[in-house]
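Engineer: mind looking at a prediction? Sequence and model below.
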Amino acid sequence: ILLKKGLSEFSYNAGFLREDYGVKSNDYSRFAYSFFHNYGITDSLTVGVRGEGLSDLANIGPQVSFLIKNYGVLSLSTGASFGKSDSSGFAGSLSYTYQQDKINFRLLCNSYTEDYSTITTRSTDEKTRYELGAGIGYGTKTLGSISFDFARISKYTGQDRESYTLNYSRNITKDSNIYLSVSHTKDDGSNTKFTLGLLYYPWKETLLSLNLQKDKDTDSQTLQIQKNAPAGEGYGYRASASRSNTIESEINSINPYFQYNGRYGIYSAEFIGNYPNKGAADEIFNLNASGGIAYVGRTVAFGRPVSDSYGVVEIGDLKGVAVYHNNQLIGHTNRSGKVFIPNMTSYIDNYVTIEDKDIPVEYSLEKVTRNVSPPYRGGTYLSFDAIKVQAFIGRMETKENGKTVPLELKEATLSVNGKKIDFVTARGGEFYLEN
């Protein structure tokens, strides 16, 4: 990746290793750390360093990326690992990417010594010797997009792997797309897989898809309709029916799913039914409910689960005002004028805006948009000051010789609850006061 001159990109992390992820809960072991830091020397040259380690392992290395004028980006990196019980290991990486409007090209070569270790590979016996990759793609609006990729992985121990993949996709209409994929893989055996698919949007936010797959052992067909749940309040669903044939059996499956994002949680129901032509049917029904509790700005907020950062938006005491996060409707303010945003992204700008059409005409707002970059697992309190404007127009007159005469261009003082307000009358004795 290339950075602009003077721009830094970095991440420093420390914690404890999570063991048996997805199998056991709260199973942590040794202390571990990782980091990277990149800096743009010029707009065409970026340098950096990365590393990771444990109490008995350290892995560190430099990296550099530079632009070759209009001919792509070349990246180089090296790494060395050191351990108390293991020998030192070394690795190197070379990659090249080129991209224009219609064509793109990429190359990759990674090489490792047998004793090279990272936190991820330290406990595996299948050490990689080298990785090779290449790809080319071409696309136009009329012809569609076509790409070809090659990859090869060679190991010191274990099975080598080589693959070739050809992909093609094209829009049929503005609402439909067709795609085709052919891949050939060689490892301990050889297998060729064909995939043909059709995507169609019958109406807004709803996708209907048909997928056909075939390789040497399996022949399957899947029909699915889905609507993704919104970022804020609303519902989503998915319903699929599939048929899979193998050498030994045939299985028909159905899988309906429904999710509702409410103000105070996410609720979902799912049914999974597998019906083989041999043996008993397998049916599973799942019900789930999840929510989150957060505290920020002396406010305890209840809402949907928090996965990263969160925020609370306050708009005076106005109820029913729509609030958007990154142009996605999150919800409407409650009777206290507040709404909870549970899905902010840390360390980048989050664009929060309110629907000014929902603000009564007697209220004024200084701004309707805010940009905020919250910390990870941190909260942000955003207050949009909605000030109620109480205005009135009057006319000051006096009587002279029995006639009513306006008091024009006169200084006057009005006392309201002991507070004095000075003003000047206009032509005709009229005046305007607010708040």
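Structural biologist: Structure received. This one's a predicted model, so the numbers in the text were calculated from it and none came from an experiment. Numbering: from 1, shown residues only.
Engineer: do you know the pLDDT at the closest residue to residue 234 other than its chain neighbours?
Structural biologist: Spatially, and ignoring its direct neighbours in sequence, residue 234 is nearest to residue 261 (5.7 Å; CB to CB, 6 or more residues apart in numbering). (C-beta placed from N, C-alpha, C; glycine too.) On pLDDT, residue 261 comes in at 95.
Engineer: check contacts around residue 261.
Structural biologist: Applying CB atoms under 8 Å, 6 or more residues apart in numbering, one finds that residue 261 lies in contact with 229, 230, 232, 233, 234, 235, 236, 304.
Engineer: same thing with residue 292?
Structural biologist: By CB under 8 Å, 6+ apart, the contact set of residue 292 is 302, 303, 304, 305, 306, 310, 342.
Engineer: rerun that using 6 Å as the cut-off
Structural biologist: Going by CB atoms under 6 Å, 6 or more residues apart in numbering, residue 292 touches 303, 305, 306, 342.
Engineer: of the residues you listed, which qualify as buried by neighbour count?
Structural biologist: 303, 306, 342 (16 or more other CB atoms under 10 Å).
Engineer: in strands, which of those appear?
Structural biologist: When the buried ones among the contacts of residue 292 are checked against strands (DSSP state E), the matches are 303, 342.
Engineer: how about the helices in the chain?
Structural biologist: Read by DSSP state H, the chain holds no helices at all.
Engineer: give me the most central residue, it.
Structural biologist: The centroid of the chain falls nearest to residue 345 when counting by CA atoms, centre = their mean (7.7 Å).
Engineer: show me where the stretch 51-200 of the chain has its strands.
Structural biologist: 57-67, 73-83, 89-99, 103-112, 128-140, 144-155, 161-173, 176-186, 190-203 (DSSP state E, counting those that start in this stretch).
Engineer: for the ones you listed, give me TSV that also has mean neighbour count and distance to residue 2.
Structural biologist: TSV is the format used below for the strands of the stretch 51-200 of the chain (neighbours: other CB atoms under 10 Å; distance: least, CB to CB, whole Å):
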stretch	mean neighbour count	distance to residue 2
strand 57-67	17	6
strand 73-83	17	6
strand 89-99	16	10
strand 103-112	16	15
strand 128-140	16	20
strand 144-155	16	23
strand 161-173	15	27
strand 176-186	15	31
strand 190-203	14	33
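Engineer: right, so of those, which gets closest to residue 363?
Structural biologist: Nearest to residue 363 among these is strand 190-203; the distance by CB to CB comes to 36.5 Å.
Engineer: could you export the closest one as PDB, CA atoms only?
Structural biologist: Only the C-alpha atoms of strand 190-203 are listed here, as PDB (Å, rounded to 0.1, in the frame of the first residue of the first chain):
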ATOM      1  CA  SER A 190      -7.100 -33.600  -9.200                       C
ATOM      2  CA  ASN A 191     -10.500 -31.900  -9.300                       C
ATOM      3  CA  THR A 192     -12.200 -29.500 -11.700                       C
ATOM      4  CA  LYS A 193     -15.200 -27.500 -10.400                       C
ATOM      5  CA  PHE A 194     -17.700 -25.600 -12.500                       C
ATOM      6  CA  THR A 195     -20.000 -22.900 -11.100                       C
ATOM      7  CA  LEU A 196     -22.800 -21.100 -13.000                       C
ATOM      8  CA  GLY A 197     -24.900 -18.400 -11.300                       C
ATOM      9  CA  LEU A 198     -27.600 -15.900 -11.900                       C
ATOM     10  CA  LEU A 199     -28.300 -12.800  -9.700                       C
ATOM     11  CA  TYR A 200     -31.500 -10.800 -10.100                       C
ATOM     12  CA  TYR A 201     -32.900  -7.900  -8.100                       C
ATOM     13  CA  PRO A 202     -36.700  -8.200  -8.400                       C
ATOM     14  CA  TRP A 203     -37.200  -5.100  -6.200                       C
END
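Engineer: other residues contacting it?
Structural biologist: Outside strand 190-203, the residues that touch it by CB under 6 Å, 6+ apart are 175-185, 207-216.
Engineer: how about the residue nearest to the centre of the chain, what does it touch?
Structural biologist: Here residue 345 is in contact with residue 308 (CB under 6 Å, 6+ apart).
Engineer: go with 10 Å
Structural biologist: Contacts for residue 345 (CB atoms under 10 Å, 6 or more residues apart in numbering) come out as 307, 308, 309, 325, 326, 373, 374, 376.
Engineer: quick one: pLDDT of it?
Structural biologist: 92.
Engineer: also the one 3 residues further on?
Structural biologist: The score at residue 348 is 89. That number is its pLDDT.
Engineer: can you report how many residues lie near it?
Structural biologist: The number of residues packed near residue 348 is 10, by other CB atoms under 10 Å.
Engineer: for the residue nearest to it when sequence neighbours are not counted, list the residues it contacts.
Structural biologist: Nearest residue to residue 348, sequence neighbours excluded (CB to CB, 6+ apart): residue 373, at 6.1 Å. Residues in contact with residue 373, defined by CB under 10 Å, 6+ apart, are 309, 344, 345, 346, 347, 348, 349, 350, 380.
Engineer: only whichever of these are buried, select them in ChimeraX.
Structural biologist: Typed into ChimeraX, the line below selects the buried ones among the contacts of residue 373, using 16+ other CB under 10 Å:
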select :309,344,350,380
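Engineer: quick check: residue 6 vs residue 13, distance?
Structural biologist: 24 Å (CB to CB, to the nearest Å).
Engineer: so what's the residue lying closest to residue 96 once chain neighbours are set aside bridging to?
Structural biologist: With sequence-adjacent residues excluded and distances taken as CB to CB, 6+ apart, residue 96 is closest to residue 107, at 4.5 Å. Per DSSP bridges, residues listed as beta-bridge partners of residue 107: residue 96, residue 134.
Engineer: residue 107 contacts residue 73, doesn't it?
Structural biologist: No. Assessed by CB atoms under 10 Å, residue 107 is found out of contact with residue 73, at 11.2 Å.
Engineer: identify the contacts common to the two.
Structural biologist: Joint contacts of residue 107 and residue 73 (CB under 10 Å, 6+ apart) are 95, 96, 97, 98.
Engineer: quick check, nearest of those residues to residue 119?
Structural biologist: Distances from residue 119 to the shared contacts of residue 107 and residue 73, taken by CB to CB, are shortest for residue 95, at 22.0 Å.
Engineer: give the contact list for the closest one.
Structural biologist: 65, 73, 74, 75, 76, 77, 106, 107, 108, 109, 110, 133.
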